[in-house]
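Novice: from the sequence below, what's the structure:
(chains A, B, C and D)
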Protein chains: 2
Amino acid sequence: MHILELYKQETKCFVALDSIIFGFDGEELKLLLVKRGVETDKDTWSLMGGWLRPNETLQQASDRILFELTGLTDVYLEQLHVFGDPERDPIERTVSIAYFALINVPDYETRISHTYDAQWFSITDLPELLFDHSEMVNLAIERLRYKAAFHPIGFELLPEKFTIPQLQNLYQAIYGTDMDKRNFSRKIMSTKLLIKLKEKQKGNSKKGAYLYKIDNERYKTMMHSFLNFVTNPEVLV
Amino acid sequence: MHILELYKQETKCFVALDSIIFGFDGEELKLLLVKRGVETDKDTWSLMGGWLRPNETLQQASDRILFELTGLTDVYLEQLHVFGDPERDPIERTVSIAYFALINVPDYETRISHTYDAQWFSITDLPELLFDHSEMVNLAIERLRYKAAFHPIGFELLPEKFTIPQLQNLYQAIYGTDMDKRNFSRKIMSTKLLIKLKEKQKGNSKKGAYLYKIDNERYKTMMHSFLNFVTNPEVLV
DNA sequence: TTAATAAGTGTACTTTTGACAATTATTATG
DNA sequence: CATAATAATTGTCAAAAGTACACTTATTAA
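Specialist: Numbering: from 1, shown residues only, chains lettered A, B, ... in the order given. Okay, here's the model as predicted:
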């Protein structure tokens, strides 16, 4: 039998992409959700999603969808997992490729399109979500905790210049725990990933906290190496 | 517009599943490959693959395909990544979901069907592979190293009863490094995952080495927690 | 009996972690 | 102007973990 005939025997399937978009506002870890526009499940909150087109890669598709729905570009976007339960989408069988993204809320706030009713939710207080999107979110949180424990990924959620207390708040938000600030700062500093700037950030305290930025050279080389940002990773799944 | 109409506008896509099957024979880390049977790229070595059927989950599909091609069941099988480059399959656009599996070579040797020309290859000496399968394999090795460093996943590659030197050989094969046997055994023992048996395994040495088995209760609880099996994880990507 | 082989085990040193509290810079208030 | 209030910054000591390193043991074959 000719090979094309073999392919023709197989069934095709809809392929969707959904993005779990994490944001950090300095206080809480948040998730960007949209209100579903179409009639079925109208007004249900949903992840940012769209369909795969014939001539794009998966990465291109998720970048495109994120841009169409939020106006965001150059976002840290990483493939998470494929969800393919035959019943997951009640309309038609759809395989969905979940991506997770990390952005800084204030940096991008103005650029987020409001056409689609996009809204930030605290990850500790999420609404009911469409289909299996809650499952996707749970897995994404797990993965974020996993990755952030060993890779310098957390910085993606902060503005370009940030303070040590901000960074600690972020890590505390990710893991939902308190950390000792002396031990935390020692650990962060030992990575030599941060460059101390002359400026201080006031407002949050009377003394003001020094701003830091990433050493980008070092960041690139260390991105894929194993650090150990969290001291008690038993919290993790 | 009705929601079904919206779906109908989208293009469907072939969905395949490919499994990277790792095996360990006590010496080397190996990969199970098959010779492609169909005419295009005939005689090219390929991962174990097949198509997603309409009414099965992804996990079911990969279990089924693995069984059809090898006769193996109850194998550790974990989703790795989705590959979706529009050009990856020259016949028709196909999105492929890659899984990786861990099995013990001698345990399963007899059960592997030879209908499809399945053959083990050392991971240090792989042939040219079909499509983007080499990329899949590289990612799988990376993931295996990553996981095995922090999770007690390596045991899946060993027989039920094994010796400490065997376990050390496995870790050395996974990371391609030598480890100090005193430090290795101390680290492994500190996890309290192993139960020492009365029997010894002779043959490999004149003294013989004690056999151990996993403490399954503890294994289940620790599976998802972070250990640290490897001391110098800089090797990892 | 001896030689050969791989298994099994201990110690001292260094590094990292974890628990803990006092000092400093600044602003607001009386 | 002195003082109180606030959050930032910094250090020490003990415990645990990691690292480097070598001899003894059980067994078999010569």
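
Novice: going forward, measure contacts and count neighbours with C-alpha atoms only.
Specialist: Will do.

Novice: quick one: stretch A:150-168 near DNA strand D?
Specialist: Yes: counting by CA under 7 Å from any atom of the strand, DNA strand D is contacted by stretch A:150-168 at A:Thr163, A:Ile164, A:Pro165.

Novice: what's the answer for stretch A:11-28, then?
Specialist: No: against DNA strand D, stretch A:11-28 shows no contacts by CA under 7 Å from any atom of the strand, the least distance being 10.9 Å.

Novice: buried residues, that stretch. List them.
Specialist: A:12-26, A:28 (16 or more other CA atoms under 10 Å in any protein chain shown).

Novice: and A:Met179, what helix or strand is that in?
Specialist: Using DSSP states H and E, A:Met179 sits in no helix or strand.

Novice: for burial, what's the neighbour tally of the closest residue to it other than its chain neighbours?
Specialist: Nearest residue to A:Met179, sequence neighbours excluded (CA to CA, 6 or more residues apart in numbering or on different chains): A:Gln172, at 6.8 Å. Neighbour count for A:Gln172, taken as other CA atoms under 10 Å in any protein chain shown: 17.

Novice: doesn't A:Gln172 fall inside a helix?
Specialist: Yes: under DSSP: H, G, I helix; E, B strand; the rest coil, A:Gln172 falls within a helix.

Novice: first-to-last residue distance for stretch A:23-30?
Specialist: With CA to CA, to the nearest Å as the measure, stretch A:23-30 spans 5 Å from end to end.

Novice: that older thread, closest to DNA strand C out of the residues of stretch A:150-168 next to DNA strand D?
Specialist: DNA strand C lies nearest to A:Pro165 out of the residues of stretch A:150-168 next to DNA strand D, by CA to the nearest atom of the strand, at 12.5 Å.

Novice: still on that earlier bit, could I get the residues of stretch A:150-168 next to DNA strand D in JSON lines, plus columns for neighbour count, distance to B:Arg53 and secondary structure?
Specialist: Formatted as JSON lines, the residues of stretch A:150-168 next to DNA strand D follow (neighbours: other CA atoms under 10 Å in any protein chain shown; distance: CA to CA, whole Å; DSSP: H, G, I helix; E, B strand; the rest coil):
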{"residue": "A:Thr163", "neighbour count": "20", "distance to B:Arg53": "52", "secondary structure": "strand"}
{"residue": "A:Ile164", "neighbour count": "19", "distance to B:Arg53": "51", "secondary structure": "helix"}
{"residue": "A:Pro165", "neighbour count": "16", "distance to B:Arg53": "51", "secondary structure": "helix"}
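
Novice: now render the residues you listed as JSON lines, adding pLDDT and distance to DNA strand C.
Specialist: Output for those, formatted as JSON lines (pLDDT from 0 to 100; distance: CA to the nearest atom of the strand, whole Å):
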{"residue": "A:Thr163", "pLDDT": "96", "distance to DNA strand C": "15"}
{"residue": "A:Ile164", "pLDDT": "97", "distance to DNA strand C": "14"}
{"residue": "A:Pro165", "pLDDT": "96", "distance to DNA strand C": "12"}
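
Novice: does the residue nearest to A:Met179 touch A:Asp178 like I think?
Specialist: Yes: here A:Gln172 lies in contact with A:Asp178, judged by CA atoms under 8 Å, at a distance of 5.7 Å.

Novice: okay, and the beta partners of the residue positioned nearest the centre of chain A?
Specialist: By CA atoms, centre = their mean, chain A has its centre lying nearest to A:Ala101, at 3.0 Å. Listed by DSSP bridges, the beta-bridge partners for A:Ala101 are A:Ile21, A:Leu77.

Novice: could I get the contacting residues of it?
Specialist: A:Ser19, A:Ile20, A:Ile21, A:Phe22, A:Val75, A:Tyr76, A:Leu77, A:Glu78 (CA atoms under 8 Å, 6 or more residues apart in numbering or on different chains).

Novice: A:Met223 touches A:Gly154, doesn't it?
Specialist: No: at 10.7 Å, A:Met223 does not count as touching A:Gly154 under the criterion of CA under 8 Å.

Novice: so for those two, which sits in the more crowded spot?
Specialist: Set A:Met223 next to A:Gly154 and count neighbours by other CA under 10 Å: A:Gly154 wins out with 20 against 15.

Novice: how much space between the more buried one and B:Asp85?
Specialist: For A:Gly154, the distance to B:Asp85 equals 29 Å [CA to CA].

Novice: mind listing what's buried along the longest helix seen in chain A?
Specialist: If you go by DSSP state H, chain A has its longest helix at helix A:133-150. By 16+ other CA under 10 Å, the buried positions in helix A:133-150 come out as A:133-134, A:136-137, A:139-150.

Novice: which residues sit against that helix?
Specialist: Applying CA under 8 Å, 6+ apart, the contact partners of helix A:133-150 are A:20, A:46-47, A:80, A:98, A:100, A:128, A:153-154, A:174-175, A:225-230, A:233, A:236-237.

Novice: do it and DNA strand C come into contact?
Specialist: No: Helix A:133-150 lies out of reach of DNA strand C by CA under 7 Å from any atom of the strand, never closer than 10.6 Å.

Novice: so for that helix, mean pLDDT?
Specialist: Model confidence over helix A:133-150, given as mean pLDDT, is 95.

Novice: do the same with stretch A:4-19
Specialist: Per-residue scores along stretch A:4-19 average to 89.

Novice: helix, strand or coil for A:Leu32?
Specialist: Assignment for A:Leu32 (three-state DSSP): strand.

Novice: OK, contacts around it?
Specialist: Counting by CA under 8 Å, 6+ apart, A:Leu32 touches A:Ile20, A:Ile21, A:Phe22, A:Gly23, A:Leu47, A:Ala118, A:Gln119, A:Trp120, A:Phe121.

Novice: and chain A, which of its residues are near chain B?
Specialist: Within chain A, the positions adjacent to chain B are A:2-4, A:7, A:10-15, A:38-40, A:51-58, A:79-86, A:91-93, A:97, A:224-226, A:233-234, A:236-237 by CA under 8 Å from any CA of the partner chain.

Novice: where are the low-confidence patches of chain A?
Specialist: A:1, A:38-40, A:110-116, A:232-237 (pLDDT under 70).

Novice: could you pull out the strands for it?
Specialist: A:12-24, A:29-35, A:45-46, A:48-51, A:76-83, A:94-104, A:119-122, A:162-163, A:194-201, A:209-214 (DSSP state E).

Novice: returning to that earlier point: show me which of the contacts of helix A:133-150 are buried.
Specialist: Judged by 16+ other CA under 10 Å, buried ones among these: A:20, A:46-47, A:80, A:98, A:100, A:153-154, A:174-175, A:225-230, A:233, A:236.
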